[in-house]
Each structure stands twice: as C-alpha cells, then as structure tokens.
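[1] I'll drop the sequence and a predicted model, then ask my questions.
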Amino acid sequence: MKFFCKILITVMLLMSFSTVVYGVNKEGTILPSTDTVSTLTECKTLMLKPKSDLKTKITGEWDTEGMDVLGCGIRTGQIRLWMVPFYMRYMLEFIIQISGLACVAATVYGGFLYLFAGVSEDKDKGKKAITYGVIGMVITFLAWGIVNIFIMFVTGA
C-alpha cells in the first residue's frame, strides 16, 4: 500500500511540475512569452520605444504587456539595465511557484502517510511531513511578500 501511495504522489508531482514549467507560455520554456507580439520585426519596433513607455507597460500590466516587453528583450537581445529587476522578479516568482508546489506535495505526502499508517511510527512521520509542509508554505508566502516589496522599492512599480 505504501508503494502504491508513493507512486501516486510521484505521478501527481510530475504532472503538476510539468504544468508549471510548460504551462507558462506557448513555447514550452520558462522564459517570458510574447503573446500579442508575434514577429521579430514587431519586437524590434516595440523595443525602440522610449524607456518611460516600456517601463509603464511593465509596471502597469505585468501579466500581458510586461511579459511582451521582457519577451521581446530576450528575442532581440536588447536587455537594458533597468529591465534586470523585472527579469529577477519573473524568475523569483517562478521559483516561489515551484517551492509552493513542493510544500503542497509535502503536505499531501504527509496526509497519505498519516492516513495509511498502521503503526504509530508512520503516523509520526506523517505528522512531521504535514508540519514541515505547512511551515514551508508560510515561508513561501513570506518570501513572495518580501520579493514583491523589494521589487516595488527598486523599480518604483
């Protein structure tokens, strides 16, 4: 029964991880995508706009227009120094998503151990896994808050 639970949890983790990595954008990478800008020429014209216009796009609509600017910066190779904090925010948000997924997986694993435990030793392992999963989730939420506050001070967004 334990073997079956471990296989089930592993499959669930792999499926969740693949949706995080491959569900980020259409190209199947974790880099910022350009949803509305399709060609390299459009990216080049977008990157020719003044810094204030591009920064307004990134700070205003982070999920849509901001990703276009960051994605075009990678596509054209015109990554400017003021864009670095936004790239850092993008990567840190991805890492926080992965750590949140790991915390949920640890909690689910602990629940399975606790649920299917026959001996008190297995119940203790399950309780510890649940406790560590919840502590990890609290740390993940704190990290998310700290990252967003830090980026707000650095970028003024």
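    Great, that's in hand.
[2] Every contact and neighbour count from this point should use C-alpha atoms.
    Fine.
[3] And the residue nearest the centre of the protein?
    The centroid of the chain falls nearest to Phe94 when counting by CA atoms, centre = their mean (2.2 Å).
[4] The helix or strand harbouring Val138 packs against which elements?
    For Val138, the host element (DSSP states H and E) is helix 120-155. Applying 3 or more CA pairs under 8 Å, 6 or more residues apart in numbering; DSSP states H and E, one finds that helix 120-155 contacts helix 84-115.
[5] gap between the helix it packs on and the chain center?
    Relative to its chain's centre, helix 84-115 lies at 8 Å (CA atoms, centre = their mean, to the nearest Å).
[6] about what we covered before: so how far is the helix holding Val138 from its chain's centroid?
    14 Å.
[7] pLDDT below threshold where in this structure?
    For the chain, the stretches flagged by pLDDT under 70 are 1-31, 33-36, 38, 58, 60-64, 119-120, 155-157.
[8] neighbours of Met91, just the number please.
    15 (other CA atoms under 10 Å).
[9] when you give positions from now on, start the count at 40
    Okay, residue one is now 40; in that scheme the one you just asked about reads as Met130.
[10] And it, how close does it get to Val123?
    Between Met130 and Val123 the distance, using CA to CA, to the nearest Å, works out to 11 Å.
[11] Quick one: residues in contact with stretch 124-132.
    For stretch 124-132, the external contacting residues (CA atoms under 8 Å, 6 or more residues apart in numbering) are Pro71, Leu109, Trp183, Val186, Asn187, Ile190, Val193, Thr194.
[12] hmm, 7 Å instead?
    With CA atoms under 7 Å, 6 or more residues apart in numbering as the test, stretch 124-132 has contacts from Ile190.
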